[in-house]
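Colleague: after the sequence you'll find the predicted model.
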Amino acid sequence: MTFGVVSPRIFKPPGYVVATCFISVAGWLNGYDTGSAGAVTEMPYFHQTFGELTPFMHGLTVSMILLTGAFPSIYAGQLADYVGRLRAIMIGALLFVVGALLQGMAPKLSIFLAGRAIGGIGMGTWMAPQAVYVTEIAPSMRRGMLMATPQLGVVFGICCGYFTAYGTVKVDSIWSFRSIYIIQAGMGLLLAIICNLLPESPRWLLFQSRRSDAIRQLERLNFSPIEAEKDLLGPSAARTITAQPNPLTAIFTIFSAPYRTRTTLALIMLGMIQLSGIDGVLYYAPRLFAQAGLPATTASFIASGVSAILMFAITIPALLLTDRFTRRSITLTGGLILTTCMLLIGSLYASNAITPTSPARFLVISLVFIFGLTYCCTWGIVGKIYASEIQPPQTRSMANCVAQGIGFLTNWLVTILTPIFLAESSYGAYFLFGGFCLTSVVLLWSFMPETKGLSLEGIEEVFNTNGVFVGGSRLARGIRRVFARGHEGGRGEEGSVISLQEALRERGGDAEGMESRTSGVSAGLQQGVPAMLRVETI
């Protein structure tokens, strides 16, 4: 008897998974700067080279990359539509390399700030095209997990940034901080090379009327025929492919009647959720832990690194489970936890419960950990997914760029104000961020339709056919159900409660006429309500 050799089956992920993982290097660069920037400004050789920084200059130095990152929202969408998603990311990566080299070689603070400004322009240039690229290459049933993958890159980058800074702070030379930016430049160059190797977005190729090229890229991405027909090549997808003539027209278009609701919702998602204070926690983690009672610089860096490891660890299962839960449940649950953490920390500081020896300091440190972990597995993942997937193809690039620009601006505000708040008050920043978290929860509960499991074209149908006052509609339906149950229960209690029509019949009244008149009043009231705020009857 002859036995054949059975070769082991090697798992080969689909091309769209591989492409998403490689393009997530952009997210790694974002996280690496977040994890290292605040730590760099605490290093002795940084102070020796550039001098001691005031709280304002400290905040400006760290946040400069976020301020200039908002500017590309004016052009990045049109750039991605004109040259392609990957080429736009590559241009941003090369700008980021220039900025990183300037920071790594800067002899004085002004040049260091210029490098951070150029790096921010590069980051802002790739940020929205990266989100659009992943959105457009992902099959609808895998979109949530794939769009969360760049966030995993961000968290891994934060972890690497913290521990790189922890390792280089021991170097007894100016390379203790300069080496961090040399690593940034090398990874930025790697991202530019990756962009030349990955398949371009098939949706963008269809946008350019290059159907045969789009089909070839679909094959490289390993789309099944069913997925390709459902998500890209079907008539519903083809009908949505149009072009934007110029940036000014594109900006007016995203705020025009058919699209303004989705644009505004994306601005809320990427703007308000950044006001939760997450970047204040990530950039200034060493200072926050020191304020809570970890006096040694080494201890603060270790605590920051541990928080980064935990955030990375929790992001992995959150990534895998993203499509198991609804977008609304993840967002609202996460928002309530974030609000609670910030308000509790603020209350502990306001009550003077935090001292170098009090047990309450460990509660503050734990709450900072919980805040970061919760953000990473809820808002950090779903916010970017939702803001991108709800946009129609006609406005997806520009709407994402404007939303990312708002996100950069709010991040900049948080980052520049946090050290000023901490210098003036130990609790003010926490109450402020807690208030923003609560406001975001209310807005998202009210205006966030569910999109889980829908194709991009199916999501468009949701916004075209249904109102977006989701919370109000659910509340109204719940109230009506309560009264309906009460009405049915009342009829069973010896007939003490009877309907209006029965009462009219007993009195010989015109029940049908009354019903028609009340129906007319109801219809008239509905006509006077804007379409997006109408509550459908049960």
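Modeller: Yes, it's here. It should be emphasised that the depicted structure is a prediction, and the values quoted were computed from it without experimental measurement.
Colleague: break the chain down into its domains, please.
Modeller: As given by automatic domain parsing, the domain ranges for the chain are 15-198+242-465, 470-533.
Colleague: just give me the lowest mean pLDDT stretch among those domains.
Modeller: Note on the domains of the chain: domain 470-533 shows the lowest mean pLDDT, a mean of 46.
Colleague: picking that back up, out of the domains of the chain, which one sits most buried?
Modeller: domain 15-198+242-465 (a mean of 21; mean count of other Cβ atoms under 10 Å). All C-beta spots, glycine's among them, are computed from the backbone N, C-alpha and C.
Colleague: can you give me how far that one is from the chain middle?
Modeller: Mean-position distance between domain 15-198+242-465 and its chain equals 8 Å (Cα atoms, centre = their mean, to the nearest Å).
Colleague: go on, stretch 204-215?
Modeller: Using Cα atoms, centre = their mean, the offset of stretch 204-215 from its chain centre is 28 Å.
Colleague: show me which residues of it are buried.
Modeller: Buried residues in stretch 204-215, counted by 16 or more other Cβ atoms under 10 Å: 204-208, 213-215.
Colleague: send the alpha carbons of that stretch over as PDB?
Modeller: Extracted in PDB, the C-alpha atoms of stretch 204-215 (Å, rounded to 0.1, in the frame of the first residue of the first chain):
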ATOM      1  CA  TRP A 204     -11.900  54.400  -7.100                       C
ATOM      2  CA  LEU A 205     -11.100  52.700 -10.400                       C
ATOM      3  CA  LEU A 206     -14.800  52.400 -11.100                       C
ATOM      4  CA  PHE A 207     -15.000  56.100 -10.100                       C
ATOM      5  CA  GLN A 208     -12.500  56.700 -12.900                       C
ATOM      6  CA  SER A 209     -14.500  54.500 -15.300                       C
ATOM      7  CA  ARG A 210     -11.800  51.900 -15.400                       C
ATOM      8  CA  ARG A 211     -13.900  48.800 -14.900                       C
ATOM      9  CA  SER A 212     -11.500  46.200 -16.300                       C
ATOM     10  CA  ASP A 213      -8.700  47.500 -13.900                       C
ATOM     11  CA  ALA A 214     -11.200  47.400 -11.000                       C
ATOM     12  CA  ILE A 215     -12.000  43.700 -11.800                       C
END
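Colleague: now it: average pLDDT?
Modeller: Taken as a whole, stretch 204-215 has a mean pLDDT of 85.
Colleague: pretty sure Gly115 sits against Phe96.
Modeller: No. In this structure, Gly115 is not within contact of Phe96 by Cβ atoms under 8 Å, at 10.1 Å.
Colleague: restricting to C-alpha, output stretch 172-190 in CSV.
Modeller: The C-alpha coordinates for stretch 172-190 follow below in CSV (Å, rounded to 0.1, in the frame of the first residue of the first chain):
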residue,chain,number,x,y,z
ASP,A,172,23.4,59.6,27.9
SER,A,173,23.4,61.8,24.9
ILE,A,174,21.1,63.9,22.6
TRP,A,175,20.3,60.7,20.8
SER,A,176,18.0,59.8,23.7
PHE,A,177,15.3,61.7,21.9
ARG,A,178,16.6,62.2,18.4
SER,A,179,16.7,58.4,17.7
ILE,A,180,12.9,58.3,18.2
TYR,A,181,12.4,60.5,15.1
ILE,A,182,14.9,58.6,13.0
ILE,A,183,12.8,55.5,13.6
GLN,A,184,9.7,57.5,12.6
ALA,A,185,11.4,58.6,9.3
GLY,A,186,12.3,55.0,8.5
MET,A,187,8.8,53.7,9.1
GLY,A,188,7.3,56.6,7.1
LEU,A,189,9.5,55.6,4.2
LEU,A,190,8.3,52.0,4.6
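Colleague: list of residues touching that stretch?
Modeller: 25, 28-29, 32-33, 36, 40, 43-46, 48-49, 93-94, 96-97, 100-101, 103-105, 115, 119, 122, 161, 164-165, 168-171 (Cβ atoms under 8 Å, 6 or more residues apart in numbering).
Colleague: cool, and stretch 372-386?
Modeller: 131, 143-144, 147-148, 150-151, 154-155, 266, 269-270, 273, 276, 278, 281-282, 307, 310-311, 314-315, 317-319, 322, 327, 330-331, 333-335, 337-338, 341, 448, 451.
Colleague: show me what contacts Leu94?
Modeller: Leu94 touches 122, 188-189, 192, counting by Cβ under 8 Å, 6+ apart.
Colleague: tell me which element it falls in.
Modeller: Counting by DSSP states H and E, the element that carries Leu94 is helix 85-105.
Colleague: can you check Met187 too?
Modeller: Residue-wise, Met187 maps onto helix 175-195 under DSSP H and E.
Colleague: tilt between that helix and helix 85-105?
Modeller: 160 degrees (axes from the mean of the first three to the mean of the last three Cα atoms, to 10 degrees).
Colleague: just checking, what packs against the helix or strand following helix 175-195?
Modeller: As assigned by DSSP H and E, the chain's next helix or strand after helix 175-195 is helix 202-207. Using 3 or more Cβ pairs under 8 Å, 6 or more residues apart in numbering; DSSP states H and E, the elements in contact with helix 202-207 are helix 76-83, helix 109-137, helix 211-220, helix 235-238.
Colleague: name the surrounding residues that touch the first one.
Modeller: It refers to helix 76-83. 88, 91-92, 124-129, 132, 204, 207, 243-244, 246-247, 250, 397-402, 404.
Colleague: for the helix holding Leu94, list the C-alpha coordinates in PDB.
Modeller: Below are the C-alpha coordinates for helix 85-105, written out as PDB (Å, rounded to 0.1, in the frame of the first residue of the first chain):
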ATOM      1  CA  ARG A  85      -6.200  56.500  -2.500                       C
ATOM      2  CA  LEU A  86      -2.800  54.900  -2.300                       C
ATOM      3  CA  ARG A  87      -0.900  57.700  -4.000                       C
ATOM      4  CA  ALA A  88      -2.500  60.200  -1.700                       C
ATOM      5  CA  ILE A  89      -1.300  58.100   1.300                       C
ATOM      6  CA  MET A  90       2.200  57.900  -0.200                       C
ATOM      7  CA  ILE A  91       2.400  61.700  -0.600                       C
ATOM      8  CA  GLY A  92       1.500  62.100   3.000                       C
ATOM      9  CA  ALA A  93       4.000  59.500   4.100                       C
ATOM     10  CA  LEU A  94       6.900  61.300   2.300                       C
ATOM     11  CA  LEU A  95       5.900  64.600   3.900                       C
ATOM     12  CA  PHE A  96       5.900  62.800   7.200                       C
ATOM     13  CA  VAL A  97       9.400  61.500   6.600                       C
ATOM     14  CA  VAL A  98      10.700  65.100   5.900                       C
ATOM     15  CA  GLY A  99       9.000  66.300   9.200                       C
ATOM     16  CA  ALA A 100      10.500  63.400  11.200                       C
ATOM     17  CA  LEU A 101      14.000  64.100   9.900                       C
ATOM     18  CA  LEU A 102      13.700  67.800  10.800                       C
ATOM     19  CA  GLN A 103      12.700  66.900  14.300                       C
ATOM     20  CA  GLY A 104      15.500  64.300  14.700                       C
ATOM     21  CA  MET A 105      18.200  66.800  13.500                       C
END
